[in-house]
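S.K.: Turn this into a model:
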Amino acid sequence: MGTVSQLHERVRPPAHRVQSEEEALDIARSLAAAFAQQASDRDINRILPYDEAEALSQSGLLGISVPSENGGIDISNSVLAEVIAILAEADPSIAQILQTHFHVLEAVRIGGGEDQRALLFDRAITGDRFGSIFSEAGASGADQHSWHMTSDGAGFRLNGRSRPSASILFSDWIALFAAAKRQGPMAAVVPRNAEGIQIIDDWDGFGQRTSGNGTVILHNVYLDADTLLLDREKLAEPTVIDCVNQLTRAAINLGIARSALAATMEFVRARSHPGESDGDEQAVNDPLIVTRIGEIAVRIEAATATMERAGGKIDAAQINLTEDHVIDAALSVAAAQTMTADIAMEAADTLFELAGTASAGIGLNLDRHWRNARIHTLHEPARQKYHIVGNYHLNGVKPLKSWLP
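M.R.: Presented below is the predicted three-dimensional model:
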């Protein structure tokens, strides 16, 4: 860790063209079955899933959110979230690639010019992966993660460093988003090998260990008219860009919860009751264990329904982008995030509660479910979501966010 990441240049054949939502779900299930086989080993040894990322590119799933007028299937957001949840159940680190990817594509849909949308959407359909980095402080220099932005002809020069950026090691393209004080919102999409971009593999979190997070260093990177999103002022208006980002995060939470429940049931089925000395009494016959499994399963189902409802609200806002629709989507997505975050943590805790001390062996690596849940839910604490929803209902404060996460 702490090394410069070099994604090997490879000639990538054109990806499969997904034709329907049903096919997208089938492909996700097929990939998930393959990704799950070595997920624990990758986590223990921090083996980054470069081959799996290429399989994801070839699958065609990277293009499913592309609008139909640009050659995609314009998948519904509820199905988009379910695709990610399926993959996250197998390996949430790999699913995170899609989470950042679809967030960028939504920003391109809103803020890109016609030619930019055509180019970048075509790259997504071909199998290219998109990541993103953000600056909050603009050119103030008050924060080590702020960017120094200066005008240079028709474009800008950027210097600085990003915060740890999700799945950036696997990206073919990098979206740069900055809230510059004088220039206003700035957004650009550049190839990862653009001059002046350096990606550092320095992620040392105890969860999501193979998610490809890293820091991006910007050395006088030039952003010209071709890379700057032409309609970037639209990104500062109320949109559902952030809603898409948050919904896909919720999908990863949900996948982690499903995986933890599956691991719990597998372990319990194979064990005698921990309280029985003769070993004849099976844990699956313990009514307390059966009831607890049922509780987790019901809450996962409820979280799934909430996620699907939030996806429908985003669909409505994308079709008719009004402030009311954006607010409706934001509130529904906040509910999905809190419910999926809660059940991810609860399911991971319950695994050890029901399986007992025998489940704590290092070699079993069952703790990866808890570690992944704990790290991933730190990004969007539930208390923030409850405050946003409560502030709207109690004080009428609108939960409108622009393109910054």
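
S.K.: Mind listing residues that contact stretch 349-360?
M.R.: Applying Cβ atoms under 8 Å, 6 or more residues apart in numbering, the contact partners of stretch 349-360 are 260-261, 263-264, 267-268, 271, 274, 283, 289, 292-293, 296, 366-367, 369-370. (Each C-beta comes from the backbone N, C-alpha and C, glycine too.)

S.K.: CA-only coordinates of it in CSV, if you can.
M.R.: Once non-C-alpha atoms are left out, stretch 349-360 reads as follows in CSV (Å, rounded to 0.1, in the frame of the first residue of the first chain):
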residue,chain,number,x,y,z
ASP,A,349,-23.8,-8.7,14.4
THR,A,350,-26.4,-11.5,14.4
LEU,A,351,-24.0,-13.8,12.6
PHE,A,352,-21.8,-14.0,15.6
GLU,A,353,-24.7,-13.8,18.1
LEU,A,354,-26.2,-17.0,16.7
ALA,A,355,-23.1,-18.9,15.5
GLY,A,356,-21.2,-18.4,18.7
THR,A,357,-17.4,-18.4,19.4
ALA,A,358,-16.7,-21.1,16.8
SER,A,359,-17.5,-18.5,14.1
ALA,A,360,-14.8,-16.2,15.3
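
S.K.: excluding its backbone neighbours, what's nearest the most centrally placed residue in the chain?
M.R.: For the chain, Q99 is the residue whose C-alpha lies nearest the centre (Cα atoms, centre = their mean; 2.8 Å). Spatial nearest neighbour of Q99, excluding adjacent residues (Cβ to Cβ, 6 or more residues apart in numbering): T248 at 4.1 Å.

S.K.: Please give the element, helix or strand, for the one you found.
M.R.: Element membership of T248, judged by DSSP states H and E, is helix 241-269.

S.K.: For that helix, buried residues please.
M.R.: Judged by neighbour count using 16 or more other Cβ atoms under 10 Å, the buried positions of helix 241-269 are 241-261, 263-265, 267-268.

S.K.: Might you calculate how far that helix sits from the centre of the chain?
M.R.: Using Cα atoms, centre = their mean, to the nearest Å, the mean C-alpha position of helix 241-269 is found 12 Å from that of the whole chain.

S.K.: Show me this structure divided up by domain.
M.R.: The record assigns the chain these domain ranges, following automatic domain parsing: 3-130, 132-233, 237-395.

S.K.: okay, the ones you listed in JSON lines with mean pLDDT next?
M.R.: Output for these, formatted as JSON lines (pLDDT from 0 to 100):
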{"stretch": "domain 3-130", "mean pLDDT": "94"}
{"stretch": "domain 132-233", "mean pLDDT": "86"}
{"stretch": "domain 237-395", "mean pLDDT": "92"}
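
S.K.: so what's the closest residue in space to A303 that isn't next to it in sequence up against?
M.R.: The spatial neighbour of A303 that comes closest, neighbours along the chain excluded (Cβ to Cβ, 6+ apart), is M339 at 4.3 Å. Counting by Cβ under 8 Å, 6+ apart, M339 touches A250, R299, A302, A303, T306, M307.

S.K.: can you pick the most crowded of those?
M.R.: When neighbours are counted as other Cβ atoms under 10 Å, the busiest of these turns out to be A250, with 30 neighbours.

S.K.: Pretty sure that one sits against A81.
M.R.: Yes. Contact status for A250 versus A81: in contact at 6.9 Å, counting by Cβ atoms under 8 Å.

S.K.: joint contacts of the two?
M.R.: Common neighbours of A250 and A81, using Cβ under 8 Å, 6+ apart, are M307, A310.

S.K.: Just the helices from this protein, written as ranges.
M.R.: In the chain, helices defined by DSSP state H lie at 21-37, 39-45, 50-59, 77-90, 92-111, 114-126, 241-269, 287-319, 323-355, 367-377, 382-395, listed in chain order.

S.K.: counting contacts, what elements does the fifth one pack onto?
M.R.: Looking back up the chat, that one is helix 92-111. Here helix 92-111 is seen to pack against helix 50-59, helix 77-90, helix 114-126, strand 130-135, strand 173-180, strand 184-191, helix 241-269, helix 367-377 when contacts are counted using 3 or more Cβ pairs under 8 Å, 6 or more residues apart in numbering; DSSP states H and E.

S.K.: how big is the angle separating it from strand 130-135?
M.R.: Between the direction of helix 92-111 and that of strand 130-135, the angle (axes from the mean of the first three to the mean of the last three Cα atoms, to 10 degrees) works out to 80 degrees.

S.K.: Over to the third one?
M.R.: Interaxial angle, helix 50-59 versus strand 130-135 (the same axes, to 10 degrees): 110 degrees.

S.K.: Just name whatever secondary elements helix 50-59 is in contact with.
M.R.: Using 3+ Cβ pairs under 8 Å, 6+ apart, the elements in contact with helix 50-59 are helix 21-37, helix 92-111.

S.K.: quick one, which of these is packed in tightest?
M.R.: Mean neighbour counts were compared across those using mean count of other Cβ atoms under 10 Å; the top stretch is helix 92-111, at a mean of 26.

S.K.: by how many degrees do that helix and helix 21-37 diverge?
M.R.: Direction vectors for helix 92-111 and helix 21-37, defined by the same axes, to 10 degrees, enclose an angle of 140 degrees.

S.K.: tell me the contacts of the nearest residue to A88 once chain neighbours are set aside?
M.R.: Closest residue in space to A88, ignoring its immediate chain neighbours: G255 at 2.4 Å, by Cβ to Cβ, 6+ apart. Each residue near G255 by Cβ under 8 Å, 6+ apart is listed here: I84, A85, I86, L87, A88, E89, A90, P92, A95.

S.K.: All good on my end, thank you.
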